[in-house]
Each structure stands twice: as structure tokens, then as C-alpha cells.
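Undergrad: Build the 3D model from these lines:
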Amino acid sequence: MKLKERADQFVARSLARTEESKEKIGGADDVFFGDIRDADSIVPAIQGVDALIILTSVVPRMKPGYDPTKGQRPEFYFEGAIPEQVDWIGQKNQIDVSEVFFLPYEFPRQ
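TA: Purely as a prediction, here's the structure:
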């Protein structure tokens, strides 16, 4: 969202998995649909970009019934995808697809 506020400096694109997510991030034509767990589905969003900023991560949800006043440790679960699918495979897919369309920055070696 911050990049979109600086339209005079950047042309930003976003990737959403659902219509609800698309609406949360502005719902414009520059929001593409895809699932980072499926590399082919994210190609249209990445094709033609100059840089990739990865902000994807699985968000744990607290299991219902947790009562912090009882001194118990909370228990969590994941809706839809587990961390390995999003935080490892999904992020790897984004990097792999981006390498097809532009050369990644190489850090100078000393």
C-alpha cells in the first residue's frame, strides 16, 4: 500500500488469493489473482516487473476456547495452508518465477 501512495515513483502490483483479499488491498486492476503455492498462477503478476517484494506469510489463528485467565498456553491452528506450503514453497515459487523474467540483484563479493 505504501508503494501505491508513491505512484509518481513506483508502479506497484499486488497479488491476492481471494476476492476478499483483493478488496482489502484496494481492489484495483493492478491486483492480480494467484496462489503462491502454484507457480503457474503467479506468472501474470510477476511478468514484467523490475523487483519483487515478498510479504507473504501464514498467519496462525488461536484455537477457540482459550482463556488467558487460566494460565494455560494458547494453542494455534492454520486455516487453509500450513507454514511449509506458504513460507517455504510459496516464497520459493515467487523467487523462481521472478528469475525467469528478470535477473536477480547480485551482491558484490569482496
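Undergrad: Which strands or helices does the longest helix along the chain pack on?
TA: The helix that spans the most residues within the chain, counting by DSSP state H, is helix 91-101. Other helices and strands packing on helix 91-101, by 3 or more C-beta pairs under 8 Å, 6 or more residues apart in numbering; DSSP states H and E, are helix 39-46. Just so you know, the C-beta spots here come from the backbone N, C-alpha and C atoms, and that holds for glycine as well.
Undergrad: Check which helices and strands the helix it packs on sits against.
TA: Other elements packing on helix 39-46 under the criterion 3+ C-beta pairs under 8 Å, 6+ apart are strand 14-16, strand 31-33, helix 91-101.
Undergrad: Of all these, which one is nearest Val58?
TA: Using C-beta to C-beta as the measure, helix 91-101 is the one of these that comes nearest Val58, at 10.7 Å.
Undergrad: ok, residues contacting the closest one?
TA: 36-39, 42-43, 46-49, 52, 54, 56, 104 (C-beta atoms under 8 Å, 6 or more residues apart in numbering).
Undergrad: buried set for that helix?
TA: Residues of helix 91-101 classed as buried by neighbour count (16 or more other C-beta atoms under 10 Å): 93-94, 97-98.
Undergrad: can you tell me how far Asp8 sits from Gln94?
TA: Spatial separation of Asp8 from Gln94 under the definition C-beta to C-beta, to the nearest Å is 26 Å.
Undergrad: Ile89 - that's part of a helix, no?
TA: Yes - per DSSP: H, G, I helix; E, B strand; the rest coil, Ile89 lies within a helix segment.
Undergrad: what's the distance between it and Val11?
TA: Distance check for Ile89 against Val11: by C-beta to C-beta, it reads 28 Å.
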